[in-house]
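Asker: Following is a predicted model, sequence given first.
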Amino acid sequence: MDYVLFCRLPHFYISVLQLDESRPTLVVDQDRVLDSNRHAAHRGIQAGMPLSQAKTILREDGVYRNLRAEEGREAQTEWLELASNFTGVIEPEQRHTAYLDLSSHPRPIDVAQRFLERLARLTGCEPVFGSGASKWLARLSADTNGERLLGLDEQSLRPLDTLCLTPVSIDQRERLRFLGYHSIGVVADLPMAILRSQFGDGALRILLAARGSWKDPVEALYPPDTLSEKLIFDGAISSTLQLDEALVSLGHRIGQRLAAKEQQASQAILSLELEEGEVKTCTRSFSKPLSGPRSSIAALRLLNREELRSPVISVGVRLPHLERARSSQQHLIGSVSRVEAQDSAESALKKVRVVFGEASIQVAGHIAQPRRIRVLQEWKNATGWR
């Protein structure tokens, strides 16, 4: 299942900058409040609030600190490195916020809980978090429910205010409320024809968002110029066959990501976390770069040549120093495997159906021909006329 975790570290900048805690103190970025200490929070100051409004509340009691360009970068890298031990798909938003895609794990909720516990110990901040099948749902979960590991879904969306449909523009959300659709559940039950008459091409986006089906996947932006994947097992495995299946799964995923970004890698690092806590690492460089699922699976199998002597609780792969793939003419005449071609076709069809609807693409044999054409065809078949 798709499982995205959104994580926010409150008081992150106050802690990093070691600011005075005795007075209401704000960290400011571009005339908005980025962070505040507990004294300011008790006075009603919130992150994202305009600085002018905060000054009106605090008056002469407030201490205001502008954030410089590089402040907090080192601390951000430290906690994102921790996150990279749990997933290879991390999208930082600000220095104190990030999205993590944990969909590849058999039990993503357990993995999310372990990560959050370690994050709190590392930073000294109690993280605010939320989860869902996409980024906007995870963010909304954190903003409305708070500390929710069970993903926000269609049913839990229904009672929320229509203004919470963040994939939809604010103008359209306000218009929905003006028309009397005050909750997301009411919008989700509307016929497409009614929405299309009011919002035109935006109707499909509104309906998909209201039903929790609008997708905005996490982009793997950290670590930069590096591709990594992690698989944490539901219990330790001691079978060579199970480990090989895991490597095939990881190789397929990293190969798809390489192909989608038109990138290649000449080096791979495989790490196996053993049950007793030891991490076994193997690094290898390849003369033929990894650029798709086939080459990635083969590379991981080459890296894992030794006999499995201890149970494994997780396996990770990291491809550093990515570069743009060098395509050759052979790619146009059939060197792509059947699996890669099928995955590419299914991805393209899915995107078209999301935008234009399920009925926009049909199998030719399933399209009903006019009766006149069918009669002529049967007559030709019966008489042999050509």
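Answerer: Yep, it's here.
Asker: So what does residue 370 look like in phi/psi?
Answerer: Phi and psi for residue 370, reported as degrees, to the nearest 10, are phi -60, psi 150.
Asker: Tally up the residues packed near it, please.
Answerer: Per other C-beta atoms under 10 Å, the neighbour tally for residue 370 reads 8. Every C-beta, even on glycine, is put in place using the N, C-alpha and C of the backbone.
Asker: so residue 281 bridges to which residues?
Answerer: Residue 281 forms beta bridges with residue 271, as assigned by DSSP bridges.
Asker: State the number of residues packed around it.
Answerer: When neighbours are counted by other C-beta under 10 Å, residue 281 registers 12.
Asker: outside of whichever helix or strand residue 256 is part of, which residues touch it?
Answerer: Element membership of residue 256, judged by DSSP states H and E, is helix 240-261. For helix 240-261, the surrounding residues in contact (C-beta atoms under 8 Å, 6 or more residues apart in numbering) are 88, 104, 220, 227, 229, 231, 233, 237, 264-265, 290-301, 304, 307-308, 312, 315, 317, 319, 322, 325, 340, 343-344.
Asker: Alpha carbons of that helix, as CSV, please.
Answerer: The C-alpha trace of helix 240-261 is given here as CSV (Å, rounded to 0.1, in the frame of the first residue of the first chain):
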residue,chain,number,x,y,z
THR,A,240,19.1,-17.3,1.0
LEU,A,241,16.0,-17.5,-1.2
GLN,A,242,14.1,-14.8,0.8
LEU,A,243,17.1,-12.5,0.6
ASP,A,244,17.4,-13.1,-3.2
GLU,A,245,13.7,-12.2,-3.6
ALA,A,246,14.3,-9.0,-1.6
LEU,A,247,17.2,-8.1,-3.8
VAL,A,248,15.1,-8.6,-6.9
SER,A,249,12.4,-6.4,-5.5
LEU,A,250,15.0,-3.7,-4.6
GLY,A,251,16.7,-4.0,-7.9
HIS,A,252,13.5,-3.7,-9.8
ARG,A,253,12.5,-0.5,-7.9
ILE,A,254,15.9,1.3,-8.2
GLY,A,255,16.0,0.3,-11.9
GLN,A,256,12.6,1.8,-12.5
ARG,A,257,13.7,5.0,-10.7
LEU,A,258,16.9,5.2,-12.8
ALA,A,259,15.0,4.7,-16.0
ALA,A,260,12.4,7.3,-15.1
LYS,A,261,15.0,9.9,-14.3
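Asker: in it, what counts as buried?
Answerer: In terms of neighbour count (16 or more other C-beta atoms under 10 Å), helix 240-261 has its buried residues at 243, 246-247, 249-259.
Asker: how far is that helix from where the chain is centred?
Answerer: The chain centre lies 18 Å from the centre of helix 240-261; the measure is C-alpha atoms, centre = their mean, to the nearest Å.
Asker: Now for this structure, the helix or strand with the poorest mean pLDDT.
Answerer: None of the helices or strands of the chain scores lower by mean pLDDT, DSSP states H and E than helix 338-356, at a mean of 70.
Asker: after it comes which helix or strand?
Answerer: Proceeding N to C from helix 338-356, the next assigned helix or strand is helix 371-383, under DSSP H and E.
Asker: pLDDT averaged over that next one - what is it?
Answerer: In this model, helix 371-383 has an average pLDDT of 80.
Asker: Next: stretch 120-138.
Answerer: Stretch 120-138 shows an average pLDDT of 92 in the prediction.
Asker: Endpoint to endpoint, it covers what distance?
Answerer: End-to-end distance for stretch 120-138: 19 Å, by C-alpha to C-alpha, to the nearest Å.
Asker: mind listing what the residue most central in space within the chain touches?
Answerer: Centroid-nearest residue in the chain: residue 218, 2.4 Å away (criterion: C-alpha atoms, centre = their mean). Residues counted as contacts of residue 218 (C-beta under 8 Å, 6+ apart) are 4, 89-91, 99-101, 135.
Asker: Give me the domain ranges for the chain.
Answerer: Here the domain parsing of the chain from automatic domain parsing is 4-144, 154-210, 227-327, 330-386.
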